[in-house]
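1. predicted coordinates and the sequence they were generated for:
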Amino acid sequence: MDWTNWCTVVRGRVGFLRRLTVSLKRCFSGRWAGAFTLLMLVMVALGDRAHAHPFEDELAGHRLRLTVFPDSIEAELLVEEPIPWVLRDLRAFLAGVAHPTAADQERYTLRRLAEFQTGLQLYVDGERQLWEAAPVTGPNGVTEGRFVVYELSLRAPLDPEQAELPIHLLDLNHVDLKVVRYIEVWGTSETDLRGCSLWSEPGKDWSGRWSVGAQTAEVRLMRRNRSGLSGIGQLWGSADETPQRVGPEGLAGGQLSSIWRVWWPVLPVSIAIALLGTLLLRGIRSDHL
């Protein structure tokens, strides 16, 4: 970032804090306004890595990247809450604290992360499966524009021996409030995710774009193992095990090596020609004997 852009960012942040202080003084006493401004200053200072949704500030934003492996499922969840929502909730959380500090704000953030983890419910083969959360190692609960942004990395095991597993994901966070959602589904060459509810309706694909409404509040899909095809692909090169985004076709874009993808459409014809050639050679040899 050059000096001009840096100055622009700083002026924007200072202007935001001034407006925030005025709003706080209207809502809280002078003591509370100072404390809350201190906590929000900590959030603002750490907020460069977040990406808030581009819509009005009366909507919460939920970004979800769901990655399905043969033996596990991972969820990268980013929750964006309008700052006024956070201030009201933070005030209630700190009601018994005489002099709030940045440590109290961190304690509040950890509580919110736990609530978001609980609110993203996972069911595998009809049974509730609890998430394992990655440790919080960096800044979290930081501001980006008009929002406070929280990030979670969640993981749950799947039975790799079961050929087909129905998976049901239910987002109960902000269930009584306005929410805009953005969901992506990712998979590898070993997973077949055709029939996901995000694109089960003909001509509709709710993945990879923002949407408001209940159509993206839950995701249903069937994880099918494709280890056989993956093994065939490895004979012709190397199957791409890197997760790739999946769409209505339900298969990762690099499920087989490029050589295998080129040969697959003409393979039956190639086999037939090879067999015919073998028979002709045998006939010629028989005539010469």
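-> Happy to help now that I have it. Nothing here was measured: the structure is a model prediction, and the numbers come from that model.
2. tell me where the model's unsure across this structure.
-> Within the chain, the segments meeting pLDDT under 70 span 1-57, 227-240, 253-270, 272, 274, 276-277, 279, 281-289.
3. please parse it into its domains.
-> Domain ranges of the chain: 51-255, 257-289, per automatic domain parsing.
4. most tightly packed of those?
-> Burial of the domains of the chain is given as mean neighbour count (mean count of other CB atoms under 10 Å); domain 51-255 ranks first at a mean of 17. Where you see a C-beta, it was placed from the backbone N, CA and C, and this is true even at glycine.
5. let me see the ranges of the helices in the stretch 101-250 of the chain.
-> Using DSSP state H, counting those that start in this stretch, the helices of the stretch 101-250 of the chain run over 102-119, 227-235.
6. next one: the nearest residue to Leu122 once chain neighbours are set aside from Pro248, what distance?
-> Distance criterion CB to CB, 6 or more residues apart in numbering; nearest residue to Leu122, sequence neighbours excluded, is Gln129 at 4.7 Å. Gln129 is 26 Å from Pro248, where distance means CB to CB, to the nearest Å.
7. and what of Gln117?
-> 29 Å.
8. ok, Glu184 next?
-> Using CB to CB, Glu184 is found at 13 Å from Pro248.
9. what do you get for Leu170?
-> 22 Å.
10. also Arg107?
-> When distance is defined by CB to CB, Arg107 is 44 Å away from Pro248.
11. again, but for Gly203
-> Distance from Gly203 to Pro248, by CB to CB: 10 Å.
12. repeat that for Arg65.
-> 18 Å.
13. in which helix or strand would I find Arg91?
-> Assessed by DSSP states H and E, Arg91 sits inside helix 83-93.
14. what's the angle between that helix and helix 102-119?
-> If you take axes from the mean of the first three to the mean of the last three CA atoms, to 10 degrees, helix 83-93 sits at 110 degrees to helix 102-119.
15. other SSEs contacting helix 83-93?
-> helix 3-27, helix 30-45, helix 102-119, strand 147-157 (3 or more CB pairs under 8 Å, 6 or more residues apart in numbering; DSSP states H and E).
16. how about 7 Å then?
-> helix 30-45, strand 147-157 (3 or more CB pairs under 7 Å, 6 or more residues apart in numbering; DSSP states H and E).
17. with only the CA atoms kept, save the shortest one in CSV.
-> Yep, that's strand 147-157 we're talking about. Only the C-alpha atoms of strand 147-157 are listed here, as CSV (Å, rounded to 0.1, in the frame of the first residue of the first chain):
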residue,chain,number,x,y,z
PHE,A,147,-19.6,-4.8,10.2
VAL,A,148,-17.8,-6.9,12.8
VAL,A,149,-16.4,-10.1,11.2
TYR,A,150,-15.9,-13.5,12.8
GLU,A,151,-14.1,-16.4,11.2
LEU,A,152,-14.3,-20.1,12.1
SER,A,153,-12.5,-23.2,10.8
LEU,A,154,-14.5,-26.3,11.6
ARG,A,155,-14.0,-30.0,10.8
ALA,A,156,-15.9,-33.3,11.4
PRO,A,157,-14.9,-36.9,10.5
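18. who does that strand touch, helix- and strand-wise?
-> By 3+ CB pairs under 7 Å, 6+ apart, strand 147-157 packs against strand 72-82, helix 83-93, helix 102-119, strand 132-133.
19. mind checking these for the one nearest to Ala156?
-> For the helices and strands packed on strand 147-157, the distance to Ala156 is smallest for strand 72-82, at 5.4 Å, taking CB to CB.
20. what's in contact with the closest one?
-> 52-53, 57-58, 60-67, 116, 120, 146-158, 167, 173 (CB atoms under 7 Å, 6 or more residues apart in numbering).
21. now the angle from that strand to helix 83-93?
-> Using the same axes, to 10 degrees: strand 72-82 against helix 83-93 is 100 degrees.
22. strand 72-82 pairs with which strands, parallel or anti?
-> Using DSSP bridges, the strands paired with strand 72-82 in its sheet are strand 60-68 (antiparallel), strand 147-157 (antiparallel).
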